[in-house]
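K.L.:
Here is my input; please provide its structure:
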Amino acid sequence: MSKIITVEEAVSHIHDGMTIMFGGFLGNGSAVKVIEAIAKKGVKNLTLIGNDTAYPNQAIGMLIANKQVKKLIASHIGTNADTIQQFNDKELEIEFVPQGTLAERIRCGGAGLGGVLTQTGLGTIVAEGKRTIEIDGKEYLLEMPLHADVALIGASICDEMGNSIYKGTSQNFNPTMATAADLVIVETKELVPTGSIPMEQIHTPGVYVDYIVC
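P.N.:
Numbers count the residues shown, from 1 in each chain. Next up, the predicted model:
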């Protein structure tokens with residue numbers, strides 16, 4: 001059965017209250033067409049997990065601008081004035097996570113691990129309300145895994161089975177997020193026949209991918 005679907009079919013899987021991971025960095029490597037369609041659909045009360053919220057009205061920033069997001073789990077928001085304003089106005093809940101810790105929490109969610117131990121954030125607001133564990137005389141924060149209902153992945157090249165590669169910085173978070181969601185939708189810039197991508201170049205194996213938008 002073909003994994004290739006339309007943008008409209010992809011968005012039919014997105015509903016109010018879902019948790020969505022979105023790959024990329026400042027919009028580079030994001031599934032922009034699918035995000036635009038989600039913005040038009042008007043689903044609300046979403047929880048978003050990603051590195052940042054790009055820029056106002058760009059990529060994932062469109063969902064922020066439309067106030068479709070109730071909670072954000074991210075590393076920084078400094079490039080999007082809409083996110084900052086909604087946070088300051090207490091319209092948007094934000095859980096700030098150091099970038100490396102965010103990647104590890106997502107990796108744990110995909111690998112079925114119980115969490116990650118890290119010293120990053122000890123003695124700061126990042127540690128508030130979190131368990132600490134002592135190992136060999138050193139204190140660590142226990143950071144819990146992250147999992148999502150849907151992961152929206154932005155690929156540079158994808159074959160018809162979903163085997164995907166990412167060029168440059170678009171690789172940020174995409175391979176890890178593809179392992180940590182119940183449903184994975186890849187939006188690709190270029191679709192190629194199955195078998196045309198050398199096996200050793202594949203970043204995300206097609207077994208993780210449910211649907212492809214091109």
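K.L.:
Okay, strands next: where are they in the protein?
P.N.:
Using DSSP state E, the strands of the chain run over 19-22, 46-49, 69-74, 93-96, 116-118, 132-135, 138-143, 148-159, 164-165, 181-192, 211-213.
K.L.:
Show me the one of those strands that comes nearest Met62.
P.N.:
strand 69-74 (10.3 Å; CB to CB). (Glycine included, C-beta is placed from N, CA and C.)
K.L.:
CA atoms of the closest one as CSV?
P.N.:
Output of strand 69-74 as CSV, limited to C-alpha atoms (Å, rounded to 0.1, in the frame of the first residue of the first chain):
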residue,chain,number,x,y,z
VAL,A,69,-1.1,26.1,21.0
LYS,A,70,-1.7,25.6,24.7
LYS,A,71,1.7,24.3,25.7
LEU,A,72,5.2,24.4,24.1
ILE,A,73,8.2,22.3,25.0
ALA,A,74,11.2,24.0,23.5
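K.L.:
Remind me what it packs against, helices and strands.
P.N.:
Secondary-structure packing of strand 69-74 (3 or more CB pairs under 8 Å, 6 or more residues apart in numbering; DSSP states H and E): strand 46-49, strand 93-96.
K.L.:
Give me whichever of those is most buried.
P.N.:
strand 46-49 (a mean of 22; mean count of other CB atoms under 10 Å).
K.L.:
in the protein, which spans are helices?
P.N.:
7-11, 32-41, 61-65, 81-88, 99-111, 174-177 (DSSP state H).
K.L.:
between these, which gets nearest to Leu152?
P.N.:
Among these, the nearest to Leu152 by CB to CB is helix 32-41 (5.6 Å).
K.L.:
any residues touching the closest one, and which ones?
P.N.:
The contact list for helix 32-41 (CB atoms under 8 Å, 6 or more residues apart in numbering) reads 7-8, 10-11, 14, 22, 59-60, 62-63, 66, 68, 152, 154, 185, 187, 213.
K.L.:
Serialize the helices and strands packed on strand 69-74 to JSON lines and add fields for mean pLDDT and distance to Thr124.
P.N.:
Below are the helices and strands packed on strand 69-74 laid out as JSON lines (pLDDT from 0 to 100; distance: least, CB to CB, whole Å):
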{"stretch": "strand 46-49", "mean pLDDT": "98", "distance to Thr124": "21"}
{"stretch": "strand 93-96", "mean pLDDT": "96", "distance to Thr124": "10"}
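K.L.:
Mind checking the ones you listed for the one nearest to Pro193?
P.N.:
In terms of CB to CB, the element of the helices and strands packed on strand 69-74 nearest to Pro193 is strand 46-49, at 32.5 Å.
K.L.:
Check which strands are paired with that closest one and give the direction for each one.
P.N.:
The pairing partners recorded for strand 46-49 under DSSP bridges are strand 19-22 (parallel), strand 69-74 (parallel).
K.L.:
if I look at the residue of the chain most remote from its centre, how far off is Gly100?
P.N.:
The centre of the chain is farthest from one residue, Gly137, which by CA atoms, centre = their mean lies 34.8 Å away. Counting by CB to CB, to the nearest Å, the gap from Gly137 to Gly100 is 23 Å.
K.L.:
How about Gly109?
P.N.:
15 Å.
K.L.:
who has more neighbours, the two?
P.N.:
Gly109 (22 against 12; other CB atoms under 10 Å).
K.L.:
pLDDT at that one, what is it?
P.N.:
pLDDT, Gly109: 97.
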